[in-house]
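*Asks:* After the sequence you'll find the predicted model.
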Number of protein chains: 2
Amino acid sequence: MRHVAPSTVRRLSLYLHFLEGRGNGAAWTVSSRALAEAGGATPAQARKDLSLFGSFGRRGVGYPAGALAEQLRGILGLDRGYRVVLVGGGRLGAALTHFEGLRDRGFAVSAVYDADGGKAGSALEGHLVRDVASLEADLAGAPADIGVIAVPAAAAQAVADRLVKAGVRALLNFAPVTVTAPAGVAVKHADLALELDGLAYALAHRGS
Amino acid sequence: MRHVAPSTVRRLSLYLHFLEGRGNGAAWTVSSRALAEAGGATPAQARKDLSLFGSFGRRGVGYPAGALAEQLRGILGLDRGYRVVLVGGGRLGAALTHFEGLRDRGFAVSAVYDADGGKAGSALEGHLVRDVASLEADLAGAPADIGVIAVPAAAAQAVADRLVKAGVRALLNFAPVTVTAPAGVAVKHADLALELDGLAYALAHRGS
DNA sequence: TATTGTGAAGTGGTTCACAGCT
DNA sequence: AGCTGTGAACCACTTCACAATA
């Protein structure tokens, strides 16, 4: 598969969420217009997005919802399971472990770590919290696919480095700092400060 | 100011975070290369981003860090304060109210609301939790600039509609569903599920 | 020599428009 | 007639290259 734009992947995900929200097993058909509305795009763009991966629709009819959802899950790689390790047992970590969207979509939190040794051994939303010192040793025996970083900014890069060295190939960083990783490791940032700045910009420049 | 790309605003925010992280008052100079590294861009792009708003540097020398940070705060609209209302007093809401990045950057949480009447009157990180039923009445007297939506997906759009009707002009939505608002209201999405799907895609397609 | 500022060129994502099926 | 699939046109963001300046 050729260079697919991040914006396209994002829309594919939105199309899938829309289909799943409408009932998964139903044998209804969906038009490129409906998909576009769900993904914040135009009908032509929705068709182009899908055509990058195949011809899933029927001309004159539309797309079979169930089959399309199945295709999208395959394209996005959601037809397999991922082992997720969470580093950071604070309030954000608690919110994340509680997020049902994780497990529902094949992301299984296999471990929660915290730098505060005092928290080790306690439970967070049904997960045993371990001392981050044992991260490498634990992952050596049970490698993880995705590392979620929910620690203070000052510690984020160090945690990222350790996760990568321990074999994690994808990082989701919530700390308000840009973390870098070697080529081959995917990094996504969920930076609240960035979004707020974007809103501030919009508020400051509306009408001008 | 004319049509500035969202990606540019995002980078400006990253430049500013970098400058602030290096010490605010210092009279050091920063090069477009250093800014680029912080913003995930090329030096030429950093220069172009800044040149959209003025000439802040000195040829052959670089940019004066303190003055540039000040300019960026002005450009991004961070030189004023914003009143933020948070709807959703769950774990995510707790994490958000605790996030120092909010107050440090001029975003003041003026109220926290929850749909669970039982929570009304309790305290969340020093904020009194109010029943969401009183949202409109409260905002009529003390309008807010930004509404943060941290409620279940099923309730997100209704909350967005109420916030907009109450005069809020910018929304930050954490629910895993796309919320829409009338033109003139800025909406940003912090959708964890979308980021995870992006990582799944990267993992599924690495090397191919 | 070092670095900014910026018009010009390049790249890549989006939109258009219509052929091809149902 | 209705809707998908897609090459071509379009547009916007990025990169280049170099004049201007310290």
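*Replies:* All right, it came through fine.
*Asks:* and the longest strand anywhere in chain A, is it in reach of chain B?
*Replies:* Secondary structure assigned by DSSP state E gives strand A:107-114 as the longest strand of chain A. Yes: interface with chain B: strand A:107-114 contributes A:Phe107 (Cβ under 8 Å from any Cβ of the partner chain). Every residue, glycine included, has its C-beta placed from N, CA and C.
*Asks:* in that strand, what's buried?
*Replies:* Buried residues in strand A:107-114, counted by 16 or more other Cβ atoms under 10 Å in any protein chain shown: A:107, A:109-114.
*Asks:* Can you add pLDDT and distance to DNA strand D and give those back as JSON lines?
*Replies:* Formatted as JSON lines, the buried residues of strand A:107-114 follow (pLDDT from 0 to 100; distance: Cβ to the nearest atom of the strand, whole Å):
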{"residue": "A:Phe107", "pLDDT": "95", "distance to DNA strand D": "29"}
{"residue": "A:Val109", "pLDDT": "93", "distance to DNA strand D": "34"}
{"residue": "A:Ser110", "pLDDT": "91", "distance to DNA strand D": "36"}
{"residue": "A:Ala111", "pLDDT": "93", "distance to DNA strand D": "36"}
{"residue": "A:Val112", "pLDDT": "96", "distance to DNA strand D": "36"}
{"residue": "A:Tyr113", "pLDDT": "97", "distance to DNA strand D": "35"}
{"residue": "A:Asp114", "pLDDT": "94", "distance to DNA strand D": "36"}
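*Asks:* will you turn these into CSV that also has distance to B:Arg162?
*Replies:* Compiled in CSV, the buried residues of strand A:107-114 are given as follows (distance: Cβ to Cβ, whole Å):
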residue, distance to B:Arg162
A:Phe107, 32
A:Val109, 33
A:Ser110, 39
A:Ala111, 39
A:Val112, 35
A:Tyr113, 39
A:Asp114, 37
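*Asks:* And the residues you listed, which two are furthest apart?
*Replies:* Largest separation among the buried residues of strand A:107-114 by Cβ to Cβ: A:Phe107 and A:Asp114, giving 19.7 Å.
*Asks:* one step back: contacts for the longest strand of chain A?
*Replies:* A:81-90, A:93, A:97, A:102-103, A:120, A:124, A:127-132, A:134-135, A:138, A:142, A:144, A:146, B:196, B:200 (Cβ atoms under 8 Å, 6 or more residues apart in numbering or on different chains).
*Asks:* Tell me the buried residues within these.
*Replies:* A:82-90, A:93, A:97, A:102, A:120, A:124, A:127, A:129-132, A:135, A:138, A:144, A:146, B:196, B:200.
*Asks:* Is A:Asp49 in contact with A:Leu14, as I believe?
*Replies:* No: counting by Cβ atoms under 8 Å, A:Asp49 does not reach A:Leu14; the two are 10.0 Å apart.
*Asks:* which residues are in contact with both of those two?
*Replies:* In contact with both A:Asp49 and A:Leu14: A:Gly39, using Cβ under 8 Å, 6+ apart.
*Asks:* DNA strand D contacts on chain A?
*Replies:* When proximity is defined as Cβ under 7 Å from any atom of the strand, chain A approaches DNA strand D at A:30-33, A:43-44, A:47-48, A:50-51, A:55-63.
*Asks:* go again using 10 Å as the cut-off
*Replies:* By the rule Cβ under 10 Å from any atom of the strand, the part of chain A lying against DNA strand D is A:29-36, A:42-63, A:68.
*Asks:* which stretches of chain A form strands?
*Replies:* Under DSSP E, chain A gives strands at A:29-30, A:63-64, A:82-87, A:107-114, A:123-124, A:127-131, A:146-149, A:170-173, A:186-189.
*Asks:* Among these, which one carries the weakest average confidence?
*Replies:* Mean pLDDT is lowest for strand A:123-124 among those, at a mean of 76.
*Asks:* What is the helix or strand bottoming out on mean pLDDT in chain A packed up against?
*Replies:* Within chain A, confidence by mean pLDDT, DSSP states H and E is lowest for strand A:123-124 among all helices and strands, at a mean of 76. Secondary-structure packing of strand A:123-124 (3 or more Cβ pairs under 8 Å, 6 or more residues apart in numbering or on different chains; DSSP states H and E): helix A:91-98.
*Asks:* The helix it packs on relative to strand A:82-87, how many degrees between them?
*Replies:* 160 degrees (axes from the mean of the first three to the mean of the last three Cα atoms, to 10 degrees).
*Asks:* name the helices or strands packed onto helix A:91-98?
*Replies:* Using 3+ Cβ pairs under 8 Å, 6+ apart: helix A:91-98 touches strand A:82-87, strand A:107-114, strand A:123-124, helix B:91-98.
*Asks:* Rebuild these as a markdown table, extending it with distance to B:Arg2.
*Replies:* As requested, these are arranged in a markdown table below (distance: least, Cβ to Cβ, whole Å):
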| stretch | distance to B:Arg2 |
| --- | --- |
| strand A:82-87 | 43 |
| strand A:107-114 | 42 |
| strand A:123-124 | 48 |
| helix B:91-98 | 33 |
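*Asks:* ok, stretch A:71-87 near DNA strand C or not?
*Replies:* No: taking Cβ under 10 Å from any atom of the strand as the criterion, stretch A:71-87 and DNA strand C are apart, separated by no less than 15.4 Å.
*Asks:* What about the residue in chain A positioned nearest to DNA strand D, how many residues nearby?
*Replies:* Nearest to DNA strand D, among the residues of chain A, is A:Gly60, at 2.0 Å (Cβ to the nearest atom of the strand). A:Gly60: 5 surrounding residues under other Cβ atoms under 10 Å in any protein chain shown.
*Asks:* And the pLDDT at it?
*Replies:* 96.
*Asks:* doesn't A:Arg10 make contact with A:Gly40?
*Replies:* No: counting by Cβ under 8 Å, A:Arg10 is not a contact partner of A:Gly40; they are 9.2 Å apart.
*Asks:* what's the spacing between the residue positioned nearest the centre of chain A and chain B?
*Replies:* Compute the mean C-alpha point of chain A, and by Cα atoms, centre = their mean the closest residue is A:Leu172, 7.3 Å away. As judged by Cβ to the nearest Cβ, to the nearest Å, A:Leu172 and chain B stand 6 Å apart.
*Asks:* got it, and A:Val132?
*Replies:* For A:Val132 relative to chain B (Cβ to the nearest Cβ), the value is 19 Å.
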